[in-house]
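[1] below is the sequence, then the predicted model.
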Amino acid sequence: MCSQWPCFDPPLRLAVMASGSGSNFEALVEATKKKLQATVELLVVNNHGCGAQQRAQRLGVACEVVDHRGFNSREDLDAALVKRFQDLGVDGVVMAGWMRIVTPVLIDAFTNRLINIHPSLLPSFRGMDAIGQALASGVTITGCSAHVVTADVDTGPVITQAAVPIHPNDDHAALSARIHRQEHKILPWAVAIKGKEWRR
Ligand code: GRF
């Protein structure tokens, strides 16, 4: 387990935030069973019944629905998340397809400890539908980036990236699947890289 991957004793404690299918969440949980010495203490989802919640059930990971629709502001939502994560004493928080803009309330409570996964080679194709943006632009290589979250969307320091070719007949689904396969590899590795800093 501890060849090239760093050792964490005790294991890193993580929280994950997701809104959709949750394949990155599942890849992270699977990595914790093999090479990444970490535990996912909690998955937070904002969409009741989303794929990520279903995966958590199957994987035996605690999951809570924190529905943004029940809060008056983004800041109120983030304050609830911060309270939950601080109560759990997590080392870091991973945004694995969290489709909400986060505010300084969360970012400042977890400075350098909040990681996002984005489906492009940042700084290219920030924001919504990065895969569609890449397809429309005519580039032949795109990819994915794990980065630290800062106040501006998709601009924080890159932790690690993977390049993904765009094939001539790619549609959105085909390219998305190819990018996801790489995301599932780099996200656990990004946690390991940051974990070394968190435990320094
Ligand atoms: C990923 O492509 C990620 O880069 C983006 O949202 C997507 C989440 O996919 N932020 P999944 O829910 O993990 O399958």
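    Arrived safely.
[2] write out the residues of this protein neighbouring the ligand.
    By C-beta under 6 Å from any ligand atom, the residues of the chain that approach the ligand are 18, 20-24, 96-97, 117-119, 144, 180, 183. C-betas here are computed from N, CA, C, even on glycine.
[3] any chance of those residues in TSV, plus distance to residue 193?
    Output for the residues of the chain next to the ligand, formatted as TSV (distance: C-beta to C-beta, whole Å):
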residue	distance to residue 193
18	21
20	25
21	25
22	22
23	21
24	16
96	16
97	20
117	13
118	16
119	19
144	15
180	20
183	15
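[4] for these, which one is nearest residue 70?
    residue 18 (17.6 Å; C-beta to C-beta).
[5] what bridges to the closest one?
    For residue 18, the beta-bridge partners are residue 45 (DSSP bridges).
[6] surely it is in contact with residue 24?
    Yes. When contacts are counted by C-beta atoms under 8 Å, residue 18 is listed as touching residue 24 (7.4 Å).
[7] tell me where the protein has helices.
    In the chain, the segments counted as helices under DSSP state H are 23-32, 51-59, 74-88, 104-109, 130-137, 172-198.
[8] now those helices in a markdown table, with mean pLDDT and mean neighbour count?
    Putting those into a markdown table (pLDDT from 0 to 100; neighbours: other C-beta atoms under 10 Å) gives the following:
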| stretch | mean pLDDT | mean neighbour count |
| --- | --- | --- |
| helix 23-32 | 98 | 22 |
| helix 51-59 | 98 | 18 |
| helix 74-88 | 98 | 16 |
| helix 104-109 | 98 | 17 |
| helix 130-137 | 98 | 18 |
| helix 172-198 | 98 | 18 |
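[9] that's all I had, so thanks and see you.
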